[in-house]
Each structure stands twice: as C-alpha cells, then as structure tokens.
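Peer 1: here is my input; please provide its structure:
(chains A, B, C and D)
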There are 2 protein chains.
Amino acid sequence: MKQLLSQIKIEINKNLFLKDPESSDLGKRIVQNSILLIDKTGFEQFTFKKLGKEINSNESSVYRYFENKHKLLLYLASWYWGWKEYQLVFSTANIPDPRVKLEKAVHVLTRQVEKDTFVSHVDEVVLNRVVVNEFSKSYLTKEVEKEIKEGFFAVYNRLVLRLKELIIDVDPDYLYPSSLASTILEGSLHQHFLKEHFSALTECSAEVSPSDYFIHMINRILKSDKNG
Amino acid sequence: MKQLLSQIKIEINKNLFLKDPESSDLGKRIVQNSILLIDKTGFEQFTFKKLGKEINSNESSVYRYFENKHKLLLYLASWYWGWKEYQLVFSTANIPDPRVKLEKAVHVLTRQVEKDTFVSHVDEVVLNRVVVNEFSKSYLTKEVEKEIKEGFFAVYNRLVLRLKELIIDVDPDYLYPSSLASTILEGSLHQHFLKEHFSALTECSAEVSPSDYFIHMINRILKSDKNG
DNA sequence: CTGAATTAATAGTAAAACTATTAATTTTGC
DNA sequence: GCAAAATTAATAGTTTTACTATTAATTCAG
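Peer 2: Here you go, the predicted structure:
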C-alpha cells in the first residue's frame, strides 16, 4: 500500500496557494519547514520572516507561494485530511461487514500518526501534531462561511461525510450520523490534545488510545440488526 | 433562582487581571465592550486600541486592567464557565435519580444561551457566541501547560470533573468518564459552531439541538442497573 | 495641606504582516 | 544564439499591532 500511495499526489484547492509548492524544490522546503516551525513556535508566533530564515531564503520568497500564513495553514490541513482520506478509503476497501468497516475507519481516523515515509518532504508525525494544535484556528474565523463556499474545507467536509455514510450503513435509524461523524473527527484531535497537555480531563494515555474510546463509543451508540 | 444567582460574584483567578474589572465602572465597560467587540471582529482582529475607542477611553486604560488580550479571553472564559457551573449546581440539586440528574446537567451545559439578565454588564448571549468561536484559541497555545498549573483553566477543569462524577454515578463501570465529559463540553461548542457556519456536518438546527444529540448519546453509551 | 501613591493620557518602540521596487535569472520566439 | 519577455530573488519600504516608558493629573493619608 505504501508503494501505491506514494504514487498519488494529494489534490488541494488551487486557490490556497499562489504557486504550487509541489512544483519546485523551494516550494517543498517551504512546506516541510513550515510544518517544523509551526510545531516549534506555535501558529501565533510563526511568521514568514522566520520561515524565510529557516529555508535560507527570505520572507518574500514565501509570499510568492502563499498569500498569508492562514492560507498556508489551510493548505497543510487539506494535505493532512487528504492523506487521511486515502488511508480511510484503502483501509476500508473490501470489508463486507459494515460494523467492522466502521471500526476500521474510526481507528484510521483517530489513531496517533506513527513514523511514515509517505511523502519524503512531509513529516507526517509532526504534521499530525500541528493539526491537533492548530486546525481549529483555521476555521474559527470570521471568514469561515466564505472560505467553505470557496472549497477551502472540501477535503475535511468530504471526510466527515464519508464517515457519516459508514455510520448510516451500520445503523440507518440513528438520528445524528453527521454530528457523530464530526464529533469523532474533531473530538479525536481534542482527546489527543488533552492526552498531551491536560491529562486530568481524559482517560487517554500511553495505554488507552483515543481510538479505543471512540470505537467503544460507536459500538454503544449504534444499534445494528444483530445487536439492536 | 435568578434572584439568588444575581447576588453571587463569579470567582476568577486573580492572576488573570492586573486590576479587578468588577471594581470600577471603567472595568465593567471594558468587560462588556470586549465581549461585543470580539463578537463583532473576531479575536484576531480585536485590539485594545479598538476597545479603548469603544469605551471612550484609550489603549493604556485597558492595559491597566489586563496584561494582554489573551489574558482577557481567559478572564471571559472563566467567567462563562463559572456562570455555567452555577447553573449546573443549582439545576441538578435535589434530583435523586442519577440518570435524570445527568440528563439535566448535559442539558444545562449544551443548551443555547437565551436572553438573560444574570449580570447587568455582561451580555450572556453574546458571551456564549464568543466562547463558541474563541475558547479553543485560549488553550491551543504553547503556554497551556504552564497556564493550567497557574490555575487559569481551573473553572473549566472543575466543570469537566463535575460532569465526570455525574457520569460515574450513572454507570460506575464505564471506562472513559473523563473523556466523555470533555467530549460533551468541547463537542457542544463544536456542534453549535457547525450549526451556525457548517450545517452540512451536523444534524443540529433550529429544530434539533446539540442537547438532544448529547442526551441521546449518554443514554446510549451509559448502562445503568435497570437498562444495562 | 503636602507629598506619596495611584490613575490617566500621550508618545514612543519593536516586531509582524504585508507591498512596492529594483535587480538578477530564466525562458522563449525568431 | 540572442534579445525581449517573463519569472524569480532580494531589498527596502509601509501600516498595524502589541506593548512600554514618560509625563500629567488626581486622590488619599498623615
């Protein structure tokens, strides 16, 4: 699967960048080093000036690729969710039992990202940490609705809807499939965050994973024919 | 209850402000107008300069009360969660049945805030919107752990633990009471957000409330003696 | 009623977030 | 193969933000 996936380029809304960072070496360095620098400093302290320094270039080189740091964050998030979507689609293919399929999906979407070499210039483990800490900031803005219409959240949106469909396949009578799907995706990031920084508010730890918690949750919430 | 509550001053960590805004007319105007201005502009565009203008004063007057806008946000959040805590404690008092009690608690914590006159200089409806849109930004920072230790999130922390205890009272065998409690509080804000801005990702609407969704959720997840 | 302390307002500063200009390099049409 | 066009790189601005320092006004205590 790793071989197969490494051939595929993750599709990202073209209005998120001015020049495709995948199209040049400088662009790839911008992406990889932005992930490392946001992880190191946090999104608020992250600036294009600092990033320019990291890539041995300058501020305005970064501005040629991304309009501003908000768009760059949306780009990174789209990349991350696109990557997760591939994992979801491949790992749930050819599983006939809807409940097993959903469990597999929830596991893929909520698990901690382990060292991987999917794309050489992206460190997925660090990107996962960046998404946990910063993704909410990308949509908690005054411009969300406009940006949703422009398709800046299309990948995330599609992922929630895919999960929703898998939920419906298990329990067509369940009243809140979209809400449950969005709770799992957003809640997973939140549980990972609590596990790292606010451990009093979660049972998730080195031993218990957010996946355990959410798989248990769906099994209790959803009634399929055999156990409804 | 409204009478009773209006006598009580919500306790807030003293390191969140330089001078207690409750202690002067200017302080109260700072609090009320900061809520309105953050709601209007969003936290990123909100500045003490703009706020100074709104209260017919200037930037440095605001700086005498709050060190920076982050601390002001933490102050507003503490106020909000303290207010919610009172509602929780009063509304669940003298309910003997644990499940009914928990349902009541979840309802209080996840419902939309309606027009209220709890404290004259705080518009609770607008504050609720501010918390939905901005609360995450108060803890998704590089300084969280330090600030948790300083007690800046003590009220929120306590509220999650209160909810956790009510969950345990219903189902002592449930493995993830803290995670479920934190999911409900954080997830409720998220569902309210989706309802307003990203309706494709939730069933919550004018007809279906986040409370309906979360009460249904706990009833499915938790097994008490009679229906476990 | 005086001087010490507190409060208010003004004026600054450093960094952030861009923008405009100019210089260098690459591409391409002939 | 070379000049014009286009693209890319680097420098030097500008405006706004987030504070800080200084000075002026007021209050308060003995």
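Peer 1: which element is the spatially most central residue of chain A on?
Peer 2: Closest to where the C-alpha atoms of chain A average out (C-alpha atoms, centre = their mean) is residue A:81, at 3.7 Å. Using DSSP states H and E, residue A:81 falls within helix A:69-92.
Peer 1: so is that helix next to DNA strand C?
Peer 2: Yes: residues of helix A:69-92 are located near DNA strand C by C-beta under 7 Å from any atom of the strand, namely A:69, A:70. Heads up, the C-betas are built off the backbone N, CA and C, glycines and all.
Peer 1: which parts of that helix are buried?
Peer 2: Buried residues in helix A:69-92, counted by 16 or more other C-beta atoms under 10 Å in any protein chain shown: A:69-88, A:91-92.
Peer 1: contact partners for residue A:65?
Peer 2: A:17, A:18, A:19, A:21, A:26, A:27, A:30 (C-beta atoms under 8 Å, 6 or more residues apart in numbering or on different chains).
Peer 1: does the last one really touch residue A:64, like I thought?
Peer 2: No: with contact defined as C-beta atoms under 8 Å, residue A:30 does not reach residue A:64; the gap is 9.4 Å.
Peer 1: higher neighbour count, the two?
Peer 2: Set side by side, residue A:30 and residue A:64 show more neighbours around residue A:30, with 28 against 13, by other C-beta atoms under 10 Å in any protein chain shown.
Peer 1: tell me the pLDDT of that one.
Peer 2: The confidence metric pLDDT takes the value 91 at residue A:30.
Peer 1: same check, this time on residue A:21
Peer 2: Predicted confidence (pLDDT) for residue A:21: 89.
Peer 1: the helix or strand harbouring residue A:64 close to DNA strand C?
Peer 2: Assigned by DSSP H and E, residue A:64 belongs to helix A:59-65. Yes: applying C-beta under 7 Å from any atom of the strand, one finds helix A:59-65 in contact with DNA strand C at A:59, A:60, A:63.
Peer 1: confirm for me that residue A:199 is in contact with residue A:205.
Peer 2: Yes: counting by C-beta under 8 Å, residue A:199 touches residue A:205, with 7.0 Å between them.
Peer 1: who has more neighbours, these two?
Peer 2: When neighbours are counted by other C-beta under 10 Å, residue A:199 and residue A:205 differ, and residue A:199 comes out ahead with 13 against 9.
Peer 1: for the more buried one, give me its contacts.
Peer 2: Applying C-beta under 8 Å, 6+ apart, the residues contacting residue A:199 are residue A:205.
Peer 1: if we go to 10 Å?
Peer 2: A:205, B:148, B:178 (C-beta atoms under 10 Å, 6 or more residues apart in numbering or on different chains).
Peer 1: ditto for residue A:136
Peer 2: Going by C-beta under 10 Å, 6+ apart, residue A:136 touches A:186, A:189, A:190, A:193, B:135, B:136, B:137, B:139, B:140, B:186, B:190, B:193.
Peer 1: next: residue A:170.
Peer 2: Residue A:170 neighbours (C-beta under 10 Å, 6+ apart): A:97-103, A:177, A:218-219, A:221-225, A:228.
Peer 1: so which of these are in helices?
Peer 2: When the contacts of residue A:170 are checked against helices (DSSP state H), the matches are A:98, A:99, A:100, A:101, A:102, A:103, A:177, A:218, A:219, A:221.
Peer 1: now residue A:43. Nearest residue, chain neighbours left out?
Peer 2: In space, and not counting its chain neighbours, residue A:43 is closest to residue A:134: 4.6 Å by C-beta to C-beta, 6 or more residues apart in numbering or on different chains.
Peer 1: what about the one you found, which helix or strand?
Peer 2: Applying DSSP H and E as the criterion places residue A:134 in helix A:124-139.
Peer 1: average pLDDT across that helix?
Peer 2: Mean predicted confidence for helix A:124-139 is 96.
Peer 1: just the buried residues of it, please?
Peer 2: Buried residues in helix A:124-139, counting neighbours by 16+ other C-beta under 10 Å, are found at A:124, A:126-139.
Peer 1: go on, stretch A:148-156?
Peer 2: Residues of stretch A:148-156 classed as buried: A:148, A:152, A:153, A:154, A:155, A:156 (neighbour count, 16+ other C-beta under 10 Å).
Peer 1: give the contact list for residue A:97.
Peer 2: A:103, A:104, A:169, A:170, A:224.
Peer 1: picking up where we left off before, from the contacts of residue A:65, which ones fall inside helices?
Peer 2: For these, membership in helices holds for A:26, A:27, A:30, with DSSP H as the criterion.
Peer 1: near DNA strand D, which residues of chain A?
Peer 2: A:19, A:24, A:26, A:57, A:58, A:59, A:60, A:61, A:64.
Peer 1: what separates the helix holding residue A:134 from the chain centre, distance-wise?
Peer 2: 7 Å (C-alpha atoms, centre = their mean, to the nearest Å).
Peer 1: burial of residue A:47, as a residue count?
Peer 2: Residues near residue A:47, counting by other C-beta under 10 Å: 14.
Peer 1: and the gap between residue A:80 and residue A:74?
Peer 2: Going from residue A:80 to residue A:74 by C-beta to C-beta, to the nearest Å gives 11 Å.
Peer 1: could you tell me which residues touch both of the two?
Peer 2: Residues touching both residue A:80 and residue A:74 (C-beta under 10 Å, 6+ apart) are A:135, A:156.
Peer 1: pLDDT weak spots in chain A?
Peer 2: Low-confidence segments of chain A (pLDDT under 70): A:1-8, A:116-121, A:225-228.
Peer 1: 50 instead?
Peer 2: Along chain A, segments meeting pLDDT under 50 span A:1-5, A:227-228.
Peer 1: need the residues of it near DNA strand C, please.
Peer 2: Residues of chain A lying near DNA strand C by C-beta under 7 Å from any atom of the strand: A:45-50, A:59-60, A:63, A:67-70.
Peer 1: keep only those residues that also lie close to chain B.
Peer 2: Subset of these in contact with chain B: A:45, A:70, counting by C-beta under 10 Å from any C-beta of the partner chain.
Peer 1: now, of the residues of chain A next to DNA strand C, which are buried?
Peer 2: Neighbour-count burial (16+ other C-beta under 10 Å) applied to the residues of chain A next to DNA strand C gives A:46, A:48, A:50, A:69, A:70.
Peer 1: which among those residues gets closest to residue A:115?
Peer 2: Nearest to residue A:115 among these, counting by C-beta to C-beta, is residue A:46 at 23.7 Å.
Peer 1: hmm, that closest one is touching residue A:52, no?
Peer 2: No: counting by C-beta atoms under 10 Å, residue A:46 stays clear of residue A:52, with 11.8 Å between them.
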